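A.B. asks: Quick one, fold the following:
(2 chains)
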Amino acid sequence: MSGLQQFLSRSLGFFRKGRLEAEMEEEMRLHVEHLTSKHVAEGLSPEEARYAAQRRFGGVDQIKEQCRDGMGWRLIEDLTRDFRFGARSLRKKIGFTAVAALTLALCIGANTAIFSVVSALLLKPLPFRESDRIVEIFNFFNSKKGQSNLVQYVDYKANTTSYESIGLWGLTDVTVGSAGSMERVTAAQCTAEMFDVLGVKPVLGQFFTLKSSRWGEDKVVVLTEPFWEAHFNGDPGVLDKKLIIDGEACRIVGVMPRAIQALDARVRLIKPIAWKPEWISPNDRYYLTTSLYGRLKQGVSVSEALAEATAVERRYYETMSPSFKQLLDRASYRIGVGLMREERVQATRSILYLLQGAVVLVLVIGCINIAHLLLSRANGRQGELAIRLALGAGRGAIARQLVVESLILTLTGAALGMGLAWGAIGVINRFSARMLPEMQPFAADGAVLTFALLLSVMVGLLIGLLPVAHILGADLTTLIHRTSRSASGSRSVRGLSSILVTSQVASALILLTGAGLLIHSFANAIAVKPGFDPQNMVVGRIALPGSYENGNQGAVFQKRLMEALKEIPGVSDVALASSVPFEGHADGRGLTLKDRPIPHDSAQPHATEVGVSVGYFQALHIQLLEGRFFEERDAGQEGREYIVDERFAQRYFPGRSAVGEHFTFQNRHLPAKTADWPVIIGVVRNVPHNGVEEKRTEPVSYWPLRSTWLPWVSTEAGGLNIFVRSPRPLSDLISSVREKLHGIDPSVPLFHTERLQSAIDESFDGRRTVMLLLVGFALLALLLSSIGIYGVLAYDVSLRTREIGIRSAIGASRTQIIGMVMRQGLWRTAVGLGLGLAGAVLLSRFMASMLFGLTATDPWAYVSVSLLLAAVASLASYLPARRAAMIDPIQALRIA
Amino acid sequence: MGASLPSIVEGTNMTKTDLIQGTLDMLILRVLDRGEMHGWGIAERIGRLSNEVLSVGEGSLYPALYRMQDKGWIASEWGQSDNNRRAKYYRLTKAGQKQLGSERETWDRLVLAVAEVMTSA
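C.D. replies: You can find the predicted model right below:
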């Protein structure tokens, strides 16, 4: 019989035990009957024969026991007994069990919830064929990662050999349907090779081909499975039907499987990217708007692909003019190639590691508490254990029983923890839908459950083995001696718990410091003045179709829209802009200042551009510091006027007025005449267009929105933003705006409407969430370690009752006794604080990228959390100390 | 464990002979090689074949049977006994036959070796 078969038959036999027992019984009865009849045949009376047979057969139970041993049931039976015994003894100490199980539930739950995110984002492969061959190619300027674009795609497609296929992929918002039933959805725009790069097969129909990338032949669309189900009920007859997208009828050619959502969960439709050959101009190579993905050929490594890409960029570089080369050098340009799976989580990786590290520390602290509880419990049971040992119980049996007990505890905790994790994952998903919209919801899948189970078993074994090692390390006589009521019974336990408490305090301090740094950063971030007045301001997006580029249609629309919005009762201010403060993602562009040569080794000046309607600054109450605001004449076709912010003025024109100065974004074709250079006409207060969190805050330059640019802004900036200030309720105001808009052009959709204040609040979501999580974990750590200190001291006091009684009998004052016990707790806390501070310094270096407006060695954070921890530790030490001081010497001595 | 200790021949007024450790398994295998049999039958058969010199006690027999079944040498089935009672019948499995072969070989070598020592010493 193979080992597995044997195991199975044993396990099955174990469950069929009742029947097997009965059969064994019957078999032996038959034997006795045979024996009896044999005795009868030998001449005994039936009575005597039966008696003799039974006497000879003797201990039926003993034989049965030996039979069971023969069948290998012993271990299973023993384990069941241990489990029953363990469960019973845990039930008896319900308080201890509840505290321990709850601690474990919190620790295991938090670990599991965070692990579900780590597993989904960092560990699991993407659901695409051989996804470890899919790479992203991107461009670095000033070590800031940018995407790629069409020009680079065409070049790489023709001149590289590393890739099986290479494709472009970008996201855009489109309007689906026509007036009356319009919907704004997110669509991917890609080239046909993307389907090969991802290695996906259509659910229905087919994907579009390279032919669709020809300008004018791109009126096709691939639906995603969710969109197909939601809008067409999964009807297979959908192929070749037309879908109106941005006012154009597109033929539905196929349906994309749901797996595409792993690349971006927002995508509902997929459209081809199309261009005219003359659009491919080398000058546009680094106008980075789209992502470039490739599938590496079998056997080609990422570094080989990177080497090839670097050579391709070098070739391009050599063909360019010296001034452009200088531009690239100043921006320390380089190309990058990285695995898709890793690139998309680059930004969140360190945060995830931080959080996972934090919950592991919480788990360690929690485990120490429970290990200590089990340790003192086992210590209290030394008498019982010693007697069992003396009576012949194997050390193995006792160890097994202690471990089984802690396993029951952890598994109960794990079951509760899974419930908590399940709830927590739901909350995480609500946040991640806003913070990581491209990611799919997280779930407690097989990997996560396995993790939780393994974690609990490991924890159970660890905290169970600690007391075992302690008890079984000692020899029997010592054990029996210890059980006599000697006052200084368990020096080794006290030594061990000192180490445990110290490491708890250290771990808690590390977490608290991390939380403190994040709290201070958050306070700094929200304290930044916005530079404008968000009160009662509502923003919404509209998208103008491309037809508005022709003639003066755009100008007419803009004029009518502004007038119509101002007509709404209760509206005081109206403006249009290409970006919403705190919400933008505008990267800086390189610029050239007139008559100001840049020193060879210094960086190219750069700034963000924001297009605004005339009257924007007045509407948002942005203060003018110098010069003048835009006027109608500035918004003409030839307008070259710019308004810049304080940061721009101070950085590029330090110590003097920026008004009247000239600069241009056309770095390669500088205007010849001074009159052709754009001019700065005003300086305004800083407004954080990209949110206050931006690492290197970009200076901002404002240009007057020209009406012909409105459709371009609508597509490139994800919508044209309208600002309306009114104290009226949001929904009421929105419906008025919608009504006005409908009156002007019913085919223009209004979407993504919100209060400006909520846009500001949302920009802090990421920081707030990470801060709250870390603060939560740190407080949990603080609570657990104060329970730890309290527990150790309280246990210590209970062991030293007699000693303390004697002390007070011979004249120690209550203060002296309180001092004595508290010193026990405080020196351990002090050592823990010291170690923790060292650890916190190490951790904070890792956190540098998450801090805002302070350094990793921010004294405020270190001092305040140390004081907090010291205060809590003092309280946790005072409670047992007070109890020690209240010990009545007579009582104590009598009991002892 | 009990079953592996030398079994003691009990009960009768014949000469008592200890079964050498491990030989019980071999005897059971040998007896079952003739055909399937219940526990009582096995004990009786060993007694009769050895002219009542060897007598297998119940305390050794049943644990041995369960152990051997666990090892897969023998299998059991409930059937009708001669006197029309339900009885558990044991039979040899393939693995049991192989085991019997190897135990027989070992035994032969042992007997020869012991005889050698006893005659020439």
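A.B. asks: Quick one: list the elements packing against the lengthiest helix in chain B.
C.D. replies: Longest helix in chain B, counting residues (DSSP state H): helix B:94-120. Counting contacts by 3 or more Cβ pairs under 8 Å, 6 or more residues apart in numbering or on different chains; DSSP states H and E, helix B:94-120 packs against helix B:23-33. In short, each C-beta sits where N, CA and C put it, glycine included.
A.B. asks: What is the subsequent helix or strand relative to the helix it packs on?
C.D. replies: Next along the chain after helix B:23-33, taking DSSP states H and E as the criterion, comes strand B:37-38.
A.B. asks: Who does that following strand pair with, and is each partner parallel or antiparallel?
C.D. replies: If you go by DSSP bridges, strand B:37-38 pairs up with strand B:86-92 (antiparallel).
A.B. asks: can you give me the offset of the partner strand from its chain's centre?
C.D. replies: 14 Å (Cα atoms, centre = their mean, to the nearest Å).
A.B. asks: what's the angle from it to helix B:23-33?
C.D. replies: 100 degrees (axes from the mean of the first three to the mean of the last three Cα atoms, to 10 degrees).
A.B. asks: Give the rounded mean pLDDT of strand B:86-92.
C.D. replies: On average, the pLDDT along strand B:86-92 is 87.
A.B. asks: buried ones in that strand?
C.D. replies: The neighbour-count check on strand B:86-92 (16 or more other Cβ atoms under 10 Å in any protein chain shown) flags B:87, B:88, B:89, B:90, B:92 as buried.
A.B. asks: Save these as CSV, and put in distance to residue A:552 too.
C.D. replies: As requested, those are exported to CSV (distance: Cβ to Cβ, whole Å):
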residue, distance to residue A:552
B:87, 109
B:88, 104
B:89, 106
B:90, 105
B:92, 105
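A.B. asks: Write out the residues of chain B neighbouring chain A.
C.D. replies: Within chain B, the positions near chain A by Cβ under 8 Å from any Cβ of the partner chain are B:1-3, B:10-11, B:38-40, B:43-44, B:58-59, B:62-67, B:69-72, B:78, B:81, B:85-88, B:95.
A.B. asks: Output the lowest mean pLDDT helix or strand found in chain B.
C.D. replies: Between all helices and strands in chain B, the lowest mean by mean pLDDT, DSSP states H and E belongs to helix B:58-71, at a mean of 83.
A.B. asks: which outside residues touch the helix or strand just after that one?
C.D. replies: Downstream of helix B:58-71, the next assigned helix or strand under DSSP H and E is strand B:74-80. Residues from elsewhere that reach strand B:74-80 (Cβ atoms under 8 Å, 6 or more residues apart in numbering or on different chains): A:23, B:28-29, B:32, B:36, B:65, B:68-69, B:86-93, B:96.
A.B. asks: Which strand residues bridge residue B:89?
C.D. replies: Note on residue B:89: beta-bridge partners by DSSP bridges are residue B:38, residue B:77.
A.B. asks: hang on, isn't it packed against residue B:36?
C.D. replies: Yes - if you go by Cβ atoms under 8 Å, residue B:89 and residue B:36 touch, sitting 4.5 Å apart.
A.B. asks: Looking at the stretch 351-500 of chain A, which residue is nearest chain B?
C.D. replies: At 14.6 Å from chain B, residue A:394 is the closest residue in the stretch 351-500 of chain A, using Cβ to the nearest Cβ.
A.B. asks: who's in contact with residue A:622?
C.D. replies: Residue A:622 touches A:531, A:532, A:616, A:684, A:685, A:687, counting by Cβ under 8 Å, 6+ apart.
A.B. asks: go on, residue A:522?
C.D. replies: With contacts taken as Cβ under 8 Å, 6+ apart, residue A:522 has the following neighbours: A:764, A:767, A:768, A:771, A:852.
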